[in-house]
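Peer 1: Model the following, please.
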Amino acid sequence: MTKPLRATTPEVDEPPIDIRQFLDGAAAFLGGTANVIMQLATPPVAYGVVESTVDSGKVMLHPIKRLRTTLTYLAVALMGNEEDVATYREAVNTSHRSVRSRAGSPVKYNAFDPKLQLWVAASIYWGLNDAYERMHGPMNESDADAIYQWSARFGTSLQMRPEMWPADRAAFQAYWDENLAKTSIDPTVKAYFEDLIDLKMFPRPVQMAFGPLQRFFVIGLLPQHLRDEMGMTWTPRQDKLLARMMRTLGAVERVAPRPVRNFPLNAYLIDLRLRRRLGLKLV
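Peer 2: Numbering: from 1, shown residues only. Below you'll find the predicted structure:
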């Protein structure tokens, strides 16, 4: 494995490679709900969302807005410049300031906790890397190392300190295996996840049209431990079908123009810059 490309200050670093050639907007979209479940599978993160009093950021109340703010965060972390990161960090921090446990909360949490942000960042990296490999096969070692080090920005774009990101991919795998095994989903959080999977935030016709396909992708893209926590079943036949679907999508994306392949992440980055210029709310 090559020497890690350790970040210093994430706002001024430049990507070690052209990050856009590895961005699959479709993967971020299809795997979004499964990745949310990974992030929220640690109770402090889950209850920070379930008990949040910030109504403007609740996916069950504002699903389109929540999709925009989430994908904009990914776009900023992956492709944003110094100004993008700084302005979006402040906007997210404004929303996060009230996200902290109260006296009656089942667990203690604080949205500014860098250890929780590390777990969220790790979940995003794991999910995007897993989707990429399902669609295109493994990267070469050099590219995989470079993408891994750059992915620290999922955490350092907020309050996670750069040195908290595991030093290399082997260290990350050890961190991931250890902490994934500690995750748990209680009935309250499970009910929240089931509503997300069944698209309960949308009108009934949307739920009926897209809910079954959404559930298929969510179950298929979850690690087995989280399937077990959710009480979900997944058969070898389903796994083969998912593999064929992901490979087919990857083949289509390989011949698509890069802006099409990067969509909607590139579009959300443009949207952020336009909103900033017009003085509109970013989150």
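
Peer 1: Please point out which parts of the strand or helix carrying residue 272 sit buried.
Peer 2: Using DSSP states H and E, the secondary-structure element containing residue 272 is helix 265-278. The neighbour-count criterion (16 or more other Cβ atoms under 10 Å) identifies 265-269, 271-273, 275 as the buried residues of helix 265-278. (Glycine included, C-beta is placed from N, CA and C.)

Peer 1: next one: stretch 220-229
Peer 2: Result for stretch 220-229 [16+ other Cβ under 10 Å]: buried residues 220-223, 226-227, 229.

Peer 1: Kindly reformat the residues you listed as TSV containing secondary structure and pLDDT.
Peer 2: As requested, the buried residues of stretch 220-229 are arranged in TSV below (DSSP: H, G, I helix; E, B strand; the rest coil; pLDDT from 0 to 100):
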residue	secondary structure	pLDDT
220	helix	98
221	helix	98
222	coil	98
223	coil	98
226	helix	98
227	helix	98
229	helix	98
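
Peer 1: Can you tell me which of these is closest to residue 33?
Peer 2: Out of these, the one with the shortest distance to residue 33 is residue 221. That distance is 8.7 Å, counting by Cβ to Cβ.

Peer 1: And the helix-or-strand element of the chain with minimal mean pLDDT, what does it pack against?
Peer 2: When the helices and strands of the chain are compared on mean pLDDT, DSSP states H and E, helix 25-30 comes out lowest with a mean of 86. For helix 25-30, the packing partners by 3 or more Cβ pairs under 8 Å, 6 or more residues apart in numbering; DSSP states H and E come out as helix 63-79, helix 114-136, helix 236-255, helix 265-278.

Peer 1: would CSV of those with distance to residue 85 be doable?
Peer 2: What follows is the helices and strands packed on helix 25-30, written out as CSV (distance: least, Cβ to Cβ, whole Å):
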stretch, distance to residue 85
helix 63-79, 6
helix 114-136, 14
helix 236-255, 27
helix 265-278, 11
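
Peer 1: could the ones you listed be laid out in CSV, adding distance to residue 211 and mean pLDDT?
Peer 2: Putting these into CSV (distance: least, Cβ to Cβ, whole Å; pLDDT from 0 to 100) gives the following:
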stretch, distance to residue 211, mean pLDDT
helix 63-79, 13, 94
helix 114-136, 21, 97
helix 236-255, 16, 96
helix 265-278, 25, 96
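
Peer 1: and the spatially most central residue of the chain, what does it touch?
Peer 2: Averaging the C-alpha coordinates of the chain gives a centre point, and the residue nearest to it by Cα atoms, centre = their mean is residue 124 (3.7 Å). Contacts for residue 124 (Cβ atoms under 8 Å, 6 or more residues apart in numbering) come out as 35, 39, 74, 151, 154.

Peer 1: Filter those residues down to the ones in helices?
Peer 2: 35, 39, 74, 154 (DSSP state H).

Peer 1: about what we covered before: closest to residue 17 out of the buried residues of stretch 220-229?
Peer 2: residue 221 (25.1 Å).

Peer 1: From residue 183, how far out is the residue nearest to the closest one when sequence neighbours are not counted?
Peer 2: Spatially, and ignoring its direct neighbours in sequence, residue 221 is nearest to residue 34 (4.0 Å; Cβ to Cβ, 6 or more residues apart in numbering). When distances are taken as Cβ to Cβ, to the nearest Å, residue 34 and residue 183 turn out to be 13 Å apart.

Peer 1: Centroid-wise, who is the farthest residue in the chain?
Peer 2: Outermost residue of the chain (Cα atoms, centre = their mean): residue 103, 29.2 Å.

Peer 1: Residue 264 contacts residue 25, doesn't it?
Peer 2: Yes - with contact taken as Cβ atoms under 8 Å, residue 264 and residue 25 are classed as touching, separated by 5.2 Å.
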